[in-house]
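Asker: Turn this into a structure:
(chains A and B)
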Amino acid sequence: MQIPTFSPGDDPGPDFAALLRRQGLVPAAPSGPVSAAGSITHGTTVVAIRYADGVVMAGDRRATSGNFISHRSIEKVFAADRWSGVAIAGAAGPAMEMVKLFQLQLEHYEKVEGGALSLEGKANQLSQMVRNHLPAAMQGLAVVPLFAGYDTRREAGRLFQYDVTGGRYEENDYATSGSGGLHAATVVKLGFAEGLDSGATIDLALKALVTAADEDSATGGPDPVRGIWPVVATIDAVGFTRVPDADLASAYARLVAGTEDSTGASVA
Amino acid sequence: MSMPFYVAPEQVMKDRADYARKGISRGRSLVAAICVEGIVVCAENPSSTLRKVSEIYDRIAFAGVGKYNEFDQLRISGVRAADLKGYSFSREDVDARSLANQYAQILGQVFTHEMKPLEVEILVAEVGAEAAEDQLFHLLYDGTVIDETAFAVLGGDAETVAERVKAGLGDGPDLGTALRVAASALSGPDRTLVAADLEVALLDRAAARRCFRRLDDAEVSVALAVEPPALPGADAPVEDAAPDAPATDEPA
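Answerer: Next comes the predicted model:
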């Protein structure tokens, strides 16, 4: 692989996607409906909720192809960089690729420019990536991400949701995406309160995912038998931190026992 | 039609080399040293925004001396090459050796074919799991690659600085010692460099993924203050740093 050099007039700057285009590494959008090529793996429900110190992001672990379960332990919540996370719903292949590119784009920008993008800038970057993906979405490969992060300038958690056209909508309190998103949103809406702590918010996110799994066949619930728990992460002043499975297991046990309503004060 | 004067190729190369060396020696020097915690790079640089030391990839750092716009362009090219390679293959396939070779190609190409050689010296450093696996590639303006062990000195007056580093570094120094030796080697016996004059970065051996970390002035001050190496009257200040090594309190 050769070091890419450019004349000052046509330098791609800190834009990794532009660099990829210049190097001819961007695959063409599919020219016909992809469903003709067989069923495509889809990921489903993801949730993001703002709390007192930041944002909680959570996603179930199931991926489906048509009426089959294709993966039981896929991950849909990722750290985009230290201060932000991205969660995906939609066609799993392009979604994973989009996350990989998005992570690289943020890191590439940071290294080339010597400083990280603002949270707003990161959200706009993702918006452009979703919009560029529209031709593939039209062929049945829609990807609808959630983006959330800790705004180090405002010192608060912020979250954004997208539509297939790249439309970017900042939400105040919570956002959901994916086939079970509607059910999850109802649970979050009823349980949300201003200034919840991280434990109570993690409980709320778990409850939303359990409800979504109850109502939507494409969403997987917690699986104590195999030890598969949702991916849950907090993003606050410390950065992106994934919640350990052991904490999720005990939170789920409390949820099953019906004690989750005791304001979650004792939650790990 | 005018005939150009004949100039012997030896003379052309010598003139270019002299020109490049002159440009490089105008700038301030830089020391990189392998220590227990990783690879520390210490540059004399009063600016806190125009960087000489930067991150290339997870375990790879870049440092340059000489003409800023030229080595910064090389740095950006290196970031691009590394990110493209990591994207096409895998993150673990990105290595300093191949990057250093590509840099050598560019530097050599420019040196022989362009009017003006690049007035830069650069360092490509990769931190390994153990000190024995660390790599320091020192590249000269004409594309010469030097695979350095233990430490590297870039810039004007490199021989003198290298002698001072060699005398003080010892075997397997920790971060504090390496930093104090580097700072006193850069300053020489006649002056003292404080944290604000230095740009310091560490390739942290223990980091999970991105090992590159800048040390801020406070951290550098703490490390330098453990024992002032340039005591008045001591003409070999580096000797003072060595006995202090076990007592070093490592900056957080």
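Asker: Could you count how many residues lie near the residue in the stretch 101-250 of chain B positioned nearest to chain A?
Answerer: Scanning the stretch 101-250 of chain B for the residue nearest chain A gives B:Gln102, at 4.5 Å (criterion: CB to the nearest CB). C-beta here means a position set from N, CA and C on the backbone, and glycine is covered the same way. Other residues within reach of B:Gln102, judged by other CB atoms under 10 Å in any protein chain shown, total 17.
Asker: Which residue comes closest to it once chain neighbours are left out?
Answerer: A:Ile3 (4.5 Å; CB to CB, 6 or more residues apart in numbering or on different chains).
Asker: And what about the one you found, helix, strand or coil?
Answerer: Here A:Ile3 is recorded as coil under DSSP: H, G, I helix; E, B strand; the rest coil.
Asker: what's the burial count for A:Val188?
Answerer: Neighbours around A:Val188, by other CB under 10 Å: 23.
Asker: re the thing from before, could you pull up the residues touching the residue of the stretch 101-250 of chain B closest to chain A?
Answerer: A:2-3, B:81 (CB atoms under 8 Å, 6 or more residues apart in numbering or on different chains).
Asker: mind redoing it with 10 Å?
Answerer: By CB atoms under 10 Å, 6 or more residues apart in numbering or on different chains, the contact set of B:Gln102 is A:1-3, B:77-78, B:81, B:124.
Asker: do B:Glu130 as well
Answerer: Shown in contact with B:Glu130 (CB under 10 Å, 6+ apart): B:Arg205.
Asker: Of the contacts of B:Gln102, just the buried ones, PyMOL syntax please.
Answerer: In PyMOL syntax, the buried subset of these is picked out as below (16 or more other CB atoms under 10 Å in any protein chain shown):
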select buried, (chain A and resi 3) or (chain B and resi 77+78+81+124)
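Asker: what's the neighbour count on residue 179?
Answerer: All of this is about chain A. 19.
Asker: actually it's chain B I care about, not the one you picked
Answerer: The burial count for B:Leu179: 29, using other CB under 10 Å.
Asker: Which element, helix or strand, includes it?
Answerer: Taking DSSP states H and E as the definition, B:Leu179 sits inside helix B:175-187.
Asker: what ranges do the helices span in the stretch 1-150 of chain B?
Answerer: Per DSSP state H, counting those that start in this stretch, the stretch 1-150 of chain B carries helices over the ranges B:9-26, B:68-88, B:96-113.
Asker: Downstream of the helix holding B:Leu179, the next helix or strand is which one?
Answerer: strand B:198-204.
Asker: Confirm for me that A:Asp60 is in contact with A:Thr45.
Answerer: Yes - applying CB atoms under 10 Å as the test, A:Asp60 and A:Thr45 come out as touching, 5.1 Å apart.
Asker: shared neighbours of those two, anything?
Answerer: By CB under 10 Å, 6+ apart, the residues touching both A:Asp60 and A:Thr45 are A:76, A:89, A:178, A:180, A:184, A:208-209, A:212-213, A:216, A:218-220, A:230.
Asker: So which of those residues sit within strands?
Answerer: Judged by DSSP state E, strands contain none of the shared contacts of A:Asp60 and A:Thr45.
Asker: would you list these in JSON lines and tack on pLDDT, distance to chain B and neighbour count?
Answerer: Formatted as JSON lines, the shared contacts of A:Asp60 and A:Thr45 follow (pLDDT from 0 to 100; distance: CB to the nearest CB, whole Å; neighbours: other CB atoms under 10 Å in any protein chain shown):
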{"residue": "A:Lys76", "pLDDT": "94", "distance to chain B": "21", "neighbour count": "30"}
{"residue": "A:Ala89", "pLDDT": "90", "distance to chain B": "24", "neighbour count": "27"}
{"residue": "A:Gly178", "pLDDT": "91", "distance to chain B": "27", "neighbour count": "26"}
{"residue": "A:Gly180", "pLDDT": "92", "distance to chain B": "32", "neighbour count": "28"}
{"residue": "A:Ala184", "pLDDT": "96", "distance to chain B": "31", "neighbour count": "32"}
{"residue": "A:Ala208", "pLDDT": "96", "distance to chain B": "30", "neighbour count": "30"}
{"residue": "A:Leu209", "pLDDT": "96", "distance to chain B": "28", "neighbour count": "31"}
{"residue": "A:Ala212", "pLDDT": "95", "distance to chain B": "32", "neighbour count": "29"}
{"residue": "A:Ala213", "pLDDT": "94", "distance to chain B": "32", "neighbour count": "24"}
{"residue": "A:Asp216", "pLDDT": "91", "distance to chain B": "34", "neighbour count": "20"}
{"residue": "A:Ala218", "pLDDT": "91", "distance to chain B": "30", "neighbour count": "21"}
{"residue": "A:Thr219", "pLDDT": "93", "distance to chain B": "31", "neighbour count": "29"}
{"residue": "A:Gly220", "pLDDT": "93", "distance to chain B": "28", "neighbour count": "26"}
{"residue": "A:Pro230", "pLDDT": "96", "distance to chain B": "23", "neighbour count": "31"}
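Asker: of those, closest to A:Asn67?
Answerer: Of all those, A:Asn67 sits closest to A:Ala218, with 9.2 Å by CB to CB.
Asker: how far away is that closest one from A:Leu248?
Answerer: Noted for A:Ala218: a distance of 21 Å to A:Leu248, by CB to CB, to the nearest Å.
Asker: ditto for B:Gly188
Answerer: 58 Å.
Asker: If you count surrounding residues, which of the two has more?
Answerer: Between B:Gly188 and A:Leu248, A:Leu248 has the larger neighbour count (other CB under 10 Å), namely 22 against 15.
Asker: Excluding chain neighbours, what is closest to A:Gly114?
Answerer: Leaving out its chain neighbours, the residue that sits closest to A:Gly114 by CB to CB, 6+ apart is B:Arg51, at 6.2 Å.
Asker: same thing with B:Val65?
Answerer: B:Gly155 (4.0 Å).
Asker: likewise B:Arg91?
Answerer: Counting by CB to CB, 6+ apart, the residue nearest B:Arg91 is B:Asp58, at 6.1 Å.
Asker: quick one: which two of the shared contacts of A:Asp60 and A:Thr45 are the most distant?
Answerer: A:Ala208 and A:Ala218 (15.3 Å).
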